[in-house]
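Novice: below are the sequence and a predicted model for it; my questions follow.
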Amino acid sequence: MAGQFVTEVDDANFEQAVLKSDTPVLVDFWAAWCGPCRALAPVVDQVAAEYDGKLKVMKMDVDRNNATPGRYGIRGIPALLIFKDGKVADQIVGFVPKDTIDKSVTKVLSTVSA
């Protein structure tokens, strides 16, 4: 279900792929049965393509991974969490237009230390 610039992430590799990343990471918490998640997927793919090289974009299936969504208090999906330096820098819950995601990503990227 992931697009060309989107990587699947799971509980086992979350720390290495997301928390230890030198680049900010947007993680899309989703499930196959979730209509808004499926509607948001092409938007997430667009964001991934647009910010390629500046932002990593990953998806986590909440049905197959319980530990990570639990640790971050994911109760509603879709949920987008942007991690920077191993911490949640911003989060968006629910289906939102692309410009809402762009604003959030831009805000986080503008605080990246040179």
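Specialist: Yep, it's here.
Novice: CA atoms for contacts and neighbours, from now on please.
Specialist: Noted.
Novice: which residues sit against stretch 28-44?
Specialist: The set of residues that contact stretch 28-44 without belonging to it, under CA atoms under 8 Å, 6 or more residues apart in numbering, is 2-3, 57-63, 69, 74, 77-81, 94-98.
Novice: list buried residues within these.
Specialist: Buried residues within those, counting neighbours by 16 or more other CA atoms under 10 Å: 3, 57-62, 69, 74, 77-81, 95.
Novice: sorry, back to before: narrow the contacts of stretch 28-44 to those in strands?
Specialist: Where the contacts of stretch 28-44 overlap with strands, as defined by DSSP state E, the overlap consists of V57, M58, K59, M60, D61, A79, L80, L81.
Novice: list the contacts for the fifth one?
Specialist: Residues near D61 by CA under 8 Å, 6+ apart: D10, F29, W30, A31, A32.
Novice: mind listing which of the residues you listed are in strands?
Specialist: When DSSP E is applied, these are split such that F29, W30 fall in strands.
Novice: pipe the contacts of D61 into JSON lines and attach distance to D90 and neighbour count per row.
Specialist: Compiled in JSON lines, those are given as follows (distance: CA to CA, whole Å; neighbours: other CA atoms under 10 Å):
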{"residue": "D10", "distance to D90": "20", "neighbour count": "18"}
{"residue": "F29", "distance to D90": "14", "neighbour count": "24"}
{"residue": "W30", "distance to D90": "17", "neighbour count": "24"}
{"residue": "A31", "distance to D90": "21", "neighbour count": "18"}
{"residue": "A32", "distance to D90": "24", "neighbour count": "11"}
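Novice: which two of the contacts of D61 have the greatest separation?
Specialist: Spatially, the most separated pair among these is D10 and A32, at 14.9 Å (CA to CA).
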